[in-house]
Every structure is written in structure tokens, then in C-alpha cells.
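Enquirer: pasting the sequence and the predicted model now:
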Amino acid sequence: MWRRFVETVQTWRGGKPRWLRRCIVAIVGMTILLIGIALIVLPGPAFLVIPIGLAVLASEFFWAQRVLLWMQRLIGRARFKRILTRCGLWRHVPFLHAD
């Protein structure tokens, strides 16, 4: 099933002009991203929808790739801090408190 989907996307990307692809990706990605931003205040999984919208945008736009990488680093640091806090080591590593 996924193989067929990937083949369909690859043939679609190869046959369309670049400006048309970028416009379609921008519209779809921004729609998903705006829905995710709306889900911050509305009940829903904003923490899942926003990265999906950024991933769609990152397929064509460099700025979205940078934002997505920044979010991944931020999540990684928070996870690292949580692990060190559970172990009781967070207060013993002062150079990590520079956030």
C-alpha cells in the first residue's frame, strides 16, 4: 500500500512544473499548519498537527526545514532534561542550565 502511494507521489512530482508544485505544497502545508495553530486553543492534537504541516512545507521550502529541525532540537533538550531530572543529576550539571 505505501509503495504504491510513494510511486504515485514520485510520478506526480516528476510531471508537474516546479512553481505549480510549490504553490500546491504551500497551500496544503499552510492549511494544515493553520489548523494545528487553531488546535492550540481548541481541543485537539496540536502537537501532532503542527509538525505534520511543517513536514509538508519542508518538502519544498528551506525555512520550514529549519523550523522543523529547531523543534526537534528543542524536544530533544526537553527530553534530556527530563531524564536527568528523574535521575537527580540535573542540578549537578551546571553548564546545561544556560537555557
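Expert: Looks like it came in fine.
Enquirer: only C-alpha atoms for contact and neighbour calcs from this point on.
Expert: Noted.
Enquirer: quick one, phi/psi of Gly44?
Expert: Main-chain torsions, Gly44, degrees, to the nearest 10: phi 170, psi 170.
Enquirer: can you get me a residue count around it?
Expert: For Gly44, the number of neighbouring residues by other Cα atoms under 10 Å comes to 13.
Enquirer: quick one: it from Val28, how far?
Expert: Relative to Val28, Gly44 is positioned 19 Å away (Cα to Cα, to the nearest Å).
Enquirer: kindly report the same for Phe47.
Expert: Taken as Cα to Cα, the span from Phe47 to Val28 is 18 Å.
Enquirer: got a list of what the spatially most central residue of the chain touches?
Expert: The centroid of the chain falls nearest to Pro51 when counting by Cα atoms, centre = their mean (2.9 Å). Neighbouring residues of Pro51 by Cα atoms under 8 Å, 6 or more residues apart in numbering: Leu33, Leu68.
Enquirer: could you pull out the helices for this protein?
Expert: 2-15, 18-41, 46-58, 62-87 (DSSP state H).
Enquirer: mean pLDDT added to those helices, as TSV?
Expert: Compiled in TSV, those are given as follows (pLDDT from 0 to 100):
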stretch	mean pLDDT
helix 2-15	70
helix 18-41	89
helix 46-58	86
helix 62-87	81
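Enquirer: winner for burial among those helices?
Expert: Mean neighbour count, computed with mean count of other Cα atoms under 10 Å, is highest for helix 46-58 among those, reaching a mean of 19.
Enquirer: now do that helix against helix 62-87, angle only.
Expert: Interaxial angle of helix 46-58 relative to helix 62-87 (axes from the mean of the first three to the mean of the last three Cα atoms, to 10 degrees): 150 degrees.
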